[in-house]
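Participant: coordinates only, no sequence provided:
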């Protein structure tokens, strides 16, 4: 049973195989892993938390995010590890009945699912911060509290209180990851990125993990292998600590759902640091390597050493053997553009806050639209392209995550030197949008909901859950969510939350 994201095959969720390609045995194994993590969290609550157990909870939850792992053996290995850790800590702690995760009263299942899926999204953010040696005790402790709570019985009011508390914890987690990224690699700077691929060997890096990209850049320097980003790795070009590498050349392709077409017959290598991996075609399956929690049967995997280091020698050698393109290839974005611009995080936007505020006061900027979120393959998502095209010339479009690929290659002009499309970064950079909104509200001495700001969010999977719960916990309204609602939100729960 699989109903985690908007594209589930059946109205009530997938029961045979997910649209994403996940089989029933793998989905069941991930439910078993979730149940084992609940048992481990119970043991930790009873006998004492530790960083080792906390990291296991993060990794296990992260592995269950949509389009991360399709490998039954890898998931089973994680289950076995969770059980071994639990036995060493507290053999009396019980796993949760994994088959009970999705059964019971419709509204209670919806509330339980919303919390679990949100925690999976937060686990991904917390893990990215962890690899950069950034931890937050309150965030870490909530993985225990949340998992234990998922296995408990609560009234609707108690579930809602848990969801709002979680939303606040996820805000802390996004702030932690923002600090980890900016303090490690510098404040993002507005950067124009080419969509062309130069002649010679190359590796395309997709996912979300900046640290993995940095290690690859270090190991490929001076070897004649160029590096390109893909999907949510595009914002990496804006970080001074990453853009300093001259062989970080540009961005390849568009959003995740187009990879089976865009990766086909390409003479380069592909490195998946996180989601979203799709079942690969045989024409390029041998060109893929995965990292950390990502996995697919028959696809090569680069393991971590004990200190978290990764040896990228195999993928570098394979890239050199493939040789890349013989001539420069000019690719385009969704709308035919040949370059895109990123790097408008809160550090940059707040740096020109006076200019923005003056433009609003003068009437040059009448409204802000935040148009972003996760992209998807379902028909109708061109809505976001048409929406941005039709925004009035005195409005600014903030964007983030992979939903931006619907329109980020458009040139819709600027307002007094301020670009009308401002790419704020990855999905976790929703934190940047929140910081900008709060700062503007402070400057205008009003509530965030009184700002000329509308949120137009495209829905896909679990990371969207934790971000939505954070927005709701902050009392932010004027949110348009679509294009199709996720299956796990019952009508009653949707009515209460939204």
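Facilitator: Cool, the structure landed. All of these numbers come straight from a predicted model, not from anything done at the bench.
Participant: report pLDDT for residue 405.
Facilitator: You'll see residue 405 listed with a pLDDT of 96.
Participant: that one against residue 252, yeah?
Facilitator: No. Using CB atoms under 8 Å, residue 405 is not in contact with residue 252, being 12.0 Å away. Any C-beta I mention is one placed from the backbone N, CA and C, and that applies to glycine too.
Participant: assign residue 153 to helix, strand or coil.
Facilitator: coil (DSSP: H, G, I helix; E, B strand; the rest coil).
Participant: revised request: answer the last question for residue 496.
Facilitator: Classified using three-state DSSP, residue 496 is helix.
Participant: contact partners for it?
Facilitator: For residue 496, the contact set (CB atoms under 8 Å, 6 or more residues apart in numbering) comprises 156, 160.
Participant: gap between it and residue 56?
Facilitator: In this view, residue 496 and residue 56 are 33 Å apart by CB to CB, to the nearest Å.
Participant: center of this protein, which residue is that?
Facilitator: In the chain, the centroid-proximal residue (CA atoms, centre = their mean) is residue 427; its distance is 5.0 Å.
Participant: that residue - nearest residue in space that isn't next to it in sequence?
Facilitator: Of all residues not flanking residue 427 in the chain, residue 401 sits nearest, at 3.8 Å (CB to CB, 6 or more residues apart in numbering).
Participant: could you list the buried residues of the longest helix seen in the chain?
Facilitator: Ranked by residue count and defined by DSSP state H, the top helix of the chain is helix 156-185. Across helix 156-185, burial judged by 16 or more other CB atoms under 10 Å covers 159-160, 162-167, 169-178, 180-182, 184-185.
Participant: also stretch 123-135?
Facilitator: Result for stretch 123-135 [16+ other CB under 10 Å]: buried residues 123, 124, 125, 126, 127, 128, 129, 130, 131, 132, 134.
Participant: show the pLDDT at the first one.
Facilitator: What that stands for is residue 123. 98.
Participant: most distant residue from the centre of the protein?
Facilitator: No residue in the chain sits farther from the centre than residue 362, which is 36.6 Å out by CA atoms, centre = their mean.
Participant: that residue and residue 356: what is the separation?
Facilitator: 11 Å.
Participant: and for residue 30?
Facilitator: Taking CB to CB, one finds residue 30 at 44 Å from residue 356.
Participant: which one of these two is surrounded by more residues?
Facilitator: residue 30 (27 against 23; other CB atoms under 10 Å).
Participant: does anything pack onto the strand or helix carrying the more buried one? Which helices or strands?
Facilitator: Per DSSP states H and E: residue 30 is located in helix 24-47. With contacts defined as 3 or more CB pairs under 8 Å, 6 or more residues apart in numbering; DSSP states H and E, the packing partners of helix 24-47 are helix 51-63, helix 72-89, helix 137-150.
Participant: and these, which is most packed in?
Facilitator: Burial of those is given as mean neighbour count (mean count of other CB atoms under 10 Å); helix 51-63 ranks first at a mean of 21.
Participant: who does that one touch, helix- and strand-wise?
Facilitator: When contacts are defined as 3+ CB pairs under 8 Å, 6+ apart, helix 51-63 sits against helix 24-47, helix 72-89, helix 106-130, helix 137-150.
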